[in-house]
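Peer 1: Generate a structure from the sequence data that follows.
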Amino acid sequence: MYIFLDESGNFTKHNHEEYFVVGSFTIGDPKRTAKDFRAFCRKHFPRKMKNQSEIKWSSTGISDTLRLKTLRAISKLDVRIRFIYLKKNNIPVEYRKEDKFKDGLLYTNIVGELLEMYLPSVDEDFRLFCDQRRLSGMTKSQFKEILKARILPNLNTKTIIQIETVDSAHNVNIQIADWISGAFARYLEKGKMGDECFQALKGNILGQGKELFNSLIIYD
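Peer 2: Here you go, the predicted structure:
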């Protein structure tokens, strides 16, 4: 199992975003997925963007019509999607310190909750690739070890576990995960064409999206 994930949003109290979203997908052949996505971008994106190493959901110069067309192309890549989200107003006090969030601990927990949506698993390989992210109060090594300890009980004892943080500019599948998380964020924030974005990916979603802390109202 190869899982790729990226997030949309930031852990700040005073920006306009109401939600924080982590989108992910699993695929059997990540090389083919990356190749097909790059081929689509070279064919359909503006000339100045075609050869960029990274094309993000939030990149300027992309119309919403092209965004929707790209999501529909992603849906044809046989990606199997899971996503998790939370309202920033609902983040519990244990993830807060004065006027800031303990974003390293919080992000690690969110990713752990997402991975549990893929478990249990009998796959011989369980390989997770995340976009690089600054984790306050948490080293990359701690991030990996916490996640490994969390998923280990639900895997075969002989399963090979790989958890990596990678630069999205050099990993096309992480870029696809960025598009997925961006689309769900647009939907949750009730942005322009949000419903259409969700519908474009709906057939690829395994189960339902999971909301964290949905019974809590801690911060206003």
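
Peer 1: Show me what the longest helix along the chain is packed against.
Peer 2: Criterion DSSP state H: the longest helix present in the chain is helix 172-188. Secondary structure elements in contact with helix 172-188, counted by 3 or more C-beta pairs under 8 Å, 6 or more residues apart in numbering; DSSP states H and E, are strand 2-8, strand 19-27, helix 30-44, helix 64-75, strand 80-87, strand 125-131, helix 194-202. C-beta: built from backbone N, CA, C; applies to glycine.

Peer 1: which parts of the first one are buried?
Peer 2: Within strand 2-8, the residues that qualify as buried are 2-8, counting by 16 or more other C-beta atoms under 10 Å.

Peer 1: Off-centre distance for it?
Peer 2: 4 Å (C-alpha atoms, centre = their mean, to the nearest Å).

Peer 1: for the buried residues of strand 2-8, which one is nearest residue 30?
Peer 2: Set against residue 30, the nearest of the buried residues of strand 2-8 by C-beta to C-beta is residue 2 (5.0 Å).

Peer 1: OK, contacts around that closest one?
Peer 2: 26-28, 30, 125, 127, 129, 173 (C-beta atoms under 8 Å, 6 or more residues apart in numbering).

Peer 1: one more time with 6 Å
Peer 2: 27, 30, 127 (C-beta atoms under 6 Å, 6 or more residues apart in numbering).

Peer 1: now the spatially closest residue to residue 213 that is not a sequence neighbour: how far from residue 82?
Peer 2: Using C-beta to C-beta, 6 or more residues apart in numbering and skipping the chain neighbours, the partner closest in space to residue 213 is residue 90 (4.1 Å). Distance of residue 90 to residue 82, given as C-beta to C-beta, to the nearest Å: 20 Å.
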